[in-house]
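[1] here is the input, now give the coordinates:
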Amino acid sequence: MTRRDEHFRLRPRPPKARNAGFVTRVLTEVSRSGIGIARGLAQRPGARSGRGHTVARLLGRSQQHPSMRRVAVKVLLVRLSAVSPQSIGRHLRYISRDGVTGVGQPAQPYGPSTNEADLGDFEARSRGDRHQFRFVVSAEDADRLGDLRGYTRELMARMEGDLGTKLDWVAVDHRDTDNPHTHVVLRGKDESGHDLVIAGSYIAHGIRQRAAEIATHWLGPRTELEVRHSLQAEVHQDRWTTLDRRLHDLARGGLVSLAAASELERPLLRQRLDKLRRLGLAEGASDGTFRLRHDLRSILQALGERGDIIRTMQRAMGGTQRELVVADASNMATEITGRVAARGMADELSDRSYLVVDGTDGRAHYVPLPGNVEPDQFPINAIVCIRSARERLVDQTIARLASNGMYRTERNRAELERNGPADRHSEDVITAHVRRLEALRRAGHVERVSDGVWRVPPDLNNRSRLYDARRGVAPLVELESHLSLKEQTHVLGATWLDRQLVGAESMASDRGFGSEVRAALQARVDFLTHEGLAQRRGGRLLLVRDLLAKLRERDVSAAARAIAAESGLEYRPLDENGRMKGVYRRSVLLASGRYAVLDDGMGFSLVPWRPVIEPRLGQALSVVVRAGRISFDMARNRGLGIK
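    Down below sits the predicted model:
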């Protein structure tokens, strides 16, 4: 064999079309067949099941080289049967909202072959799917990639080759943060219409590896200087970093020795260990090794998340000085009232949202919202009230029905029968009470004496809130007024400011937003005095009797006149004691709150709106008024009382 023959290398021709290469076709067919490679390798449960497990194993055999471009890929598998039907549309609307391009222009969704993807059509196609994949792809050098659409399309095409099927997806590029990134929504169906099942190992490592390969091909490998600079930037960060992952890989029996580290990374790892020691997350041993805390990763991830929250709050408050408080159901002793300073998504994949509230107590509060609550219902500068945990109606009812500290289902049933005909709904209410009592009993808050009888403590509501808080129930946020303080000072309607005036004392402090509330209250008093609804006498403020009712009546009457002129129907005010039937046409937002428009064909009425009637839009409802209390009578005489 000649020397020339020794250097002979087989070089396959480049594929004529994307994903047409020989190796890619082999991997595709192997993935389709389900044949595994390296069967002796340990795998995570479920890692081998699904498409892409073969590619993931091949990629996992070689560690990513430090010179490869780094790309973060977050993936969320959403089981659509476990979320609300509006989840798909809500997420698509969020990722395509205005302003994400960084220049105030509306985002433009795109797909495999179009630059103007129809999100409504994609949502319609996805409604029958069992699940959905949501990705966020964020390359470290995304600003240098330039063509994010081309990059995303190449990544998705590479995934099609790995998974052996065409993929149905839409994507939106975001440039509203320091690091441009792309949101991808992938249907959970393959090209044949069957459920698309992707191996867990491919989701965990394969997608990121492919994204890094493409970024490296586009920009070239990272130089040693670039690698050093990126790692140096991680040394003092209060979050889980690449250096921490490397320390974790070097650990043996909880002890880390830097002897196995390369000369390039050794000084950086030593600096990182010094940082972890100052945080109390590592300690040095006499033999030069270090012991890491077993929960190092979870602590650093929590620190990183809290740091992100603090920076979000600082941006929301601008240059305004406030004490910053991260609120949750477990650390709130009292309710918080304030204006909405900012709103957004805490987790862009799972649609977890948040509010930043400038409180009347002079502090700024970060408030996580429940998963089914959209932040858009809380306008910027609106007034909201936050409670530590939902004081459930079921808990209030149980406490009210408890006699001498004992709750009995028979007494509950008797009261329901007195209020109306006994039906299946009554048994549903009792069943709900029993379920709640049993949950509280398992937590040690109530005691079951016998069948249908429980011993209930006098502080049941407080215990229930504590129970919900420990289970991670998000704080309850209620909209007090959609109007800003300035708008409330001169509007004819029963506003939040009026409720503060009628109350025994204002909850506002003399600091921060509290001082703004106090100034707004004075301006509101001047407006009410001009309208003849208040007067100052000898340093005292005198309000007319039933101020809130009078303001509400003026507000509703003005809205009714406008609706009557628009529709040609006669306005029919609700009687103090009576019944009215009509079709729920729409709702109107007034200074006094939200009202439902009920149309009986000859006229219409305005009744206080509650979320329970929203699913009945366009359907007939019956409203019963007794002693000022309003209840909606819907299907099968089910009465849901509201105040």
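
[2] the closest residue to A596 other than its chain neighbours and L196, how far apart?
    In this structure, A596 finds its nearest non-sequential neighbour in W609, 4.4 Å apart by C-beta to C-beta, 6 or more residues apart in numbering. For glycine as for every other residue, the C-beta is placed from the backbone atoms N, C-alpha and C. Going from W609 to L196 by C-beta to C-beta, to the nearest Å gives 41 Å.

[3] out of those two, which sits in the busier spot?
    Applying other C-beta atoms under 10 Å to W609 and L196 shows that L196 carries more neighbours, namely 23 against 19.

[4] how many neighbours does the residue lying closest to K275 once chain neighbours are set aside have?
    The shortest distance from K275 to any non-neighbouring residue, by C-beta to C-beta, 6+ apart, is to H236 (5.7 Å). H236: 12 surrounding residues under other C-beta under 10 Å.

[5] now H236: phi and psi?
    Dihedral angles of H236 (phi, psi; degrees, to the nearest 10) stand at phi -110, psi 20.

[6] check R363 too.
    Per-residue torsions, R363: phi -120, psi 160 (degrees, to the nearest 10).

[7] hey, what's it bridged with?
    E323 (DSSP bridges).

[8] how close does it get to A341?
    From R363 to A341 the distance is 12 Å (C-beta to C-beta).

[9] now do D129
    Separation of D129 from A341 (C-beta to C-beta): 37 Å.

[10] between these two, which is the more surrounded one?
    A341 (22 against 18).

[11] and R311, how many residues sit next to it?
    Neighbours of R311 (other C-beta under 10 Å): 10.

[12] tell me the confidence at it?
    Per-residue pLDDT puts R311 at 88.

[13] using the three-state scheme, assign it.
    Counting by DSSP: H, G, I helix; E, B strand; the rest coil, the backbone at R311 sits in helix.

[14] all helices of the stretch 451-600 of the chain, in order?
    For the stretch 451-600 of the chain, the helices defined by DSSP state H, counting those that start in this stretch occupy 460-470, 485-488, 496-502, 513-530, 547-567.

[15] what helices and strands are in contact with the fourth one?
    It stands for helix 513-530. Packed against helix 513-530 by the contact rule (3 or more C-beta pairs under 8 Å, 6 or more residues apart in numbering; DSSP states H and E) you find strand 352-359, helix 485-488, helix 496-502, strand 534-537.

[16] ok, W218 touching Y151?
    Yes: between W218 and Y151 there is a contact under C-beta atoms under 8 Å: 7.0 Å.

[17] more neighbours, those two?
    Higher neighbour count among W218 and Y151: Y151, with 21 against 17, using other C-beta under 10 Å.

[18] report pLDDT for the spatially most central residue of the chain.
    Nearest residue to the geometric centre of the chain (C-alpha atoms, centre = their mean): R352, 1.2 Å. Looking at R352, its pLDDT reads 76.

[19] ok, and the closest non-adjacent residue to it?
    Once flanking residues are discounted, R352 sits nearest to A346: 4.7 Å by C-beta to C-beta, 6+ apart.

[20] number of nearby residues for the one you found?
    Using other C-beta under 10 Å, A346 has 17 neighbouring residues.

[21] so where does it fall, helix or strand?
    Counting by DSSP states H and E, the element that carries A346 is strand 336-347.

[22] now the helix or strand containing L268: buried residues?
    Secondary structure from DSSP H and E places L268 in helix 266-278. For helix 266-278, the neighbour count (16 or more other C-beta atoms under 10 Å) marks 268-269, 271-273, 275-276 as buried.

[23] do stretch 567-574 as well
    Within stretch 567-574, the residues that count as buried by 16+ other C-beta under 10 Å are 569, 571-572, 574.

[24] just the ones in strands from the residues you listed, please.
    Using DSSP state E, the subset of the buried residues of stretch 567-574 located in strands is Y571.

[25] and which of the buried residues of stretch 567-574 is nearest A142?
    The closest of the buried residues of stretch 567-574 to A142 turns out to be L569 (C-beta to C-beta; 56.3 Å).

[26] the closest one against M602, yeah?
    Yes: taking C-beta under 8 Å as the definition, L569 is a contact partner of M602 at 7.2 Å.

[27] number of nearby residues for R291?
    Counted with other C-beta under 10 Å, R291 comes out at 14.

[28] confidence score at G104?
    63.

[29] check H65 too.
    pLDDT, H65: 75.

[30] please identify the helix or strand for it.
    Applying DSSP H and E, one finds H65 in no helix or strand.

[31] contacting residues for it?
    By C-beta atoms under 8 Å, 6 or more residues apart in numbering, the contact set of H65 is P221.
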